[in-house]
Structures are given as structure tokens and as C-alpha cells.
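In: take this sequence and fold it.
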Amino acid sequence: MGIVKTKALARSYVWWPGVDEALEAACRACAVCASVATAPPAHAPCPWPWPDRPWSRLHVDFLGPISGMTYLIVVDACSKWIEAIQMKGTTAGAVTAELRKMWARFGLPKQIVSDNGPPFASTEFETFLKKNGVDHIFSAPYHPASNGAAENAVKICKRTIKKALKQKLYVETALSRFLIAYRNTEHYTTGDSPARILLGRSLRMRLDKLKPDRSSRAREIQRRRSEADAGDDSRRHRQLAAGESVWCRDYRSADKWLSGKVIDKLGNTDYSVKCDNGLEVHRHIGQLRRRVSDVTLDIRTPQIPTVRRSSSLIIPVEEKDEPEEGLEELAELTTPVSPAATQAASATTLSSQTPPSVSENRTCVSRPRRVVRPPVRYGFDDYA
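Out: Numbers count the residues shown, from 1 in each chain. Below is the predicted model of the structure:
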């Protein structure tokens, strides 16, 4: 009847010192009672140690078969990243092939936790793990809670597959859509998404189209800067053609610039230049200047324009081909004269001139100037 009721029955008939201890020892020593006894109270959960980095400890398990399909579920203990792989078979070779593909993408883990199933307990699987330097940890047989991370991932994926079958959707499509949403969603335990912990970035989803496009904004700003630089004459885009003479920046000799010619255009701003000293260099457009070839300067005699003066108006007329008189007058104009001498000469000239008629034309070599003194009226003053 158990320890408690056995002691109550015995105390109703007999008693001696230590009767309770004796009855408890007798009941615990009974092999028949122990063989049919109930399980002890559940032990308090004991979590696995938290990994120091992502993809260091993986928990694996099988899902299914469900609707004729079996999946290999792999979950990362650090980031909670889930991988669901549809399997054609559950042999050790099939499991090894899928893990090899996965580890080629994410790298080799340090530990792997699994149950005692035939594929995981086989010699082939153990050899594969030893060659890759991976420690294998088995959970307690018939105790799925020991591999709780894998069991929880199996439960989540199994619910997704059941929903897809009920809605008559393609299972692979539904599972892929769920996994990308799950990997981008913040996890309760870690406080961050599995994708950001494992990959260091969020995965792009269709919902990201609601956010501003970063690349379009960057291209727009670059376009504005290019337009601003093109409007600045000091920073205008320059282009050179093959065979064009240039001054090339030199960093090997005392001369700062060397003469040369452009051989080829390597890019939008890069050029290959052949210097006159035989050296072929690669230079940026900012290290090149256009070089003007030697030309013969044509120095001609300056022509002095003449003007026609009628009354008090000064009207320019056509130039006359009088190089000798023009040179003499130009020399006179360029010779510095004191203001007093200028005024005296002007007074003498005006007093000696006769009043011009309306039809008389007079040429003046000097360029039109603004009249400083008031005009002299020719008339009765000359006969006074």
C-alpha cells in the first residue's frame, strides 16, 4: 500500500522505538514495489551552456514522416537559426551529404547534439565528425527534453507543414516563406533576430519595399554632386584623347612635370602616358595638363583706328592703311606728358584753328575720350 499507509496500519496494532524507520526501509527494499513504482517528480529544467559564438553548437533531429515527407531539422544554439532540409532517406550517408553542404556555407561547428537514432549512432557518421573535428554529444535515450532546442524547432516546422497541407499549398514554398520571416524576427531569448546574430545583417524581404531605397538615395546624392562639380569651372570634367600632348606629373626626378603624349585611355579618369624620356606611366586626369605644341607667333604692325570729327561730335570711321603715321601717333600717345604741358598745347592748338564748317571732316588718331573741359565756342571771340 505504500510507505505512508503501511506505517499507519502497523501503528494501529503495535509500536516499538524506531517502528517508522524500520517500515520505511522495508518498503524501499521491496524489488516488486520498485519495479512498478511511478516516476519521480519532474526535475527542474537545466539549460545548456550558452555558446560564446554563433554556429558553434548545433542540435539536429528528424521531423516526420508527415504526408510521406521527412525533414532534417538543424538549429543553432546561439542564434536560433533553423534549417529544414527535405530528405529522401534517413541513412547516415544521406545525413552526412546534407550536413557537408550546409557546413560549406556556414562553416564547421564545434559540437553537435543528437539523439541515439541509427543514422547518428552509426560508425560512418562518427568517422565523418572526427575527420572534421566536431564533438558529438548524445542526449539521454527516450528523453526528448535533453535535446530541447531541436525538439522545439521540430514542433515549429511541423505546425507550418500542417498549415500548408490544410490550405493545400506547396509545402516547400510555405516552409521557405516561414523560415525567412522567422529568421528576420526578433527572438524572445536572444532579443535579436537569428539572421542578424548569425550573418550580421537582416535578410531582405518583400516587406523591405515599404522602406526607402538606400541605393536610390545614394545615386541621387551622387548625381547632385556631379552636377555641382560640373558647374564649377575649377572642377569641370576633362577628357584627353590618344596622341594628345600633355604635361605629366613626375615623382621620380627633381622636375615636377614631364612632357609626353597620351597612349591609351584606361578608364573614365585614368590614362597611359608615354613621356619624352621613354618612360611609360599610368596617371589620373588630375595628374595631367594639356601641353601646347611649339607654334610660330605672327607679330603684325598694330593698326591705329581713326575717327571722323564733325563739329563737336566724334564719330569713328574706317581704318586707314597708314602704318608709318599710326606708329608715330602711337608713340606720341604713349609718351608721358605733364598736365600743364597738355593744357598749354591744347590752348595753342585751339587758338590757331579756324572755325570748322559743318561739311568739313577731320580725322583724329586718338581714341574717343570724355570731354573734361567745356567745348570752345568758335565765333566772335576770334575777331575780338
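
In: in space, what's closest to Leu23 - neighbours in sequence excluded?
Out: Lys7 (4.9 Å; Cβ to Cβ, 6 or more residues apart in numbering). C-beta: built from backbone N, CA, C; applies to glycine.

In: can you check Ala153 too?
Out: Val75 (4.2 Å).

In: phi, psi for that neighbour please.
Out: phi -130, psi 140 (degrees, to the nearest 10).

In: quick one: it and Ile197, what's the gap?
Out: Applying Cβ to Cβ, to the nearest Å, the value for Val75 to Ile197 is 13 Å.

In: need the overlap of contacts for those two.
Out: Listed as contacting both Val75 and Ile197 by Cβ atoms under 8 Å, 6 or more residues apart in numbering are Trp81.

In: what about these two, which has more around it?
Out: Ranked by neighbour count (other Cβ atoms under 10 Å), Val75 and Ile197 place Val75 first, with 26 against 20.

In: so which helix or strand takes in Val246?
Out: Element membership for Val246 (DSSP states H and E) is strand 245-249.

In: just Lys274 next, same as before
Out: Since the elements are taken from DSSP H and E, Lys274 ends up inside strand 270-275.

In: show me what that strand is packed up against.
Out: Judged by 3 or more Cβ pairs under 8 Å, 6 or more residues apart in numbering; DSSP states H and E, strand 270-275 is in contact with strand 245-249, strand 257-265, strand 280-284.

In: compare the ones you listed and give me the one nearest Lys168.
Out: Comparing these against Lys168 with Cβ to Cβ, the closest turns out to be strand 257-265 (61.1 Å).

In: which residues of the stretch 51-200 of the chain fall in helices?
Out: 92-106, 118-121, 123-131, 148-166, 171-184, 194-199 (DSSP state H, counting those that start in this stretch).

In: compare those helices and report which one is nearest to Lys209.
Out: Using Cβ to Cβ, the helices of the stretch 51-200 of the chain put helix 171-184 closest to Lys209, at 14.1 Å.

In: quick one: low-confidence parts of the stretch 101-250 of the chain?
Out: The stretch 101-250 of the chain contains residues with pLDDT under 70 at 229-237.

In: quick one: residues contacting the closest residue to Ile112 other than its chain neighbours.
Out: When the adjacent residues along the chain are set aside, Ile112 lies closest to Leu58, with 5.0 Å between them (Cβ to Cβ, 6+ apart). The contact partners of Leu58, taken as Cβ under 8 Å, 6+ apart, are Val74, Val75, Asp76, Ala77, Pro109, Gln111, Ile112, Val113.
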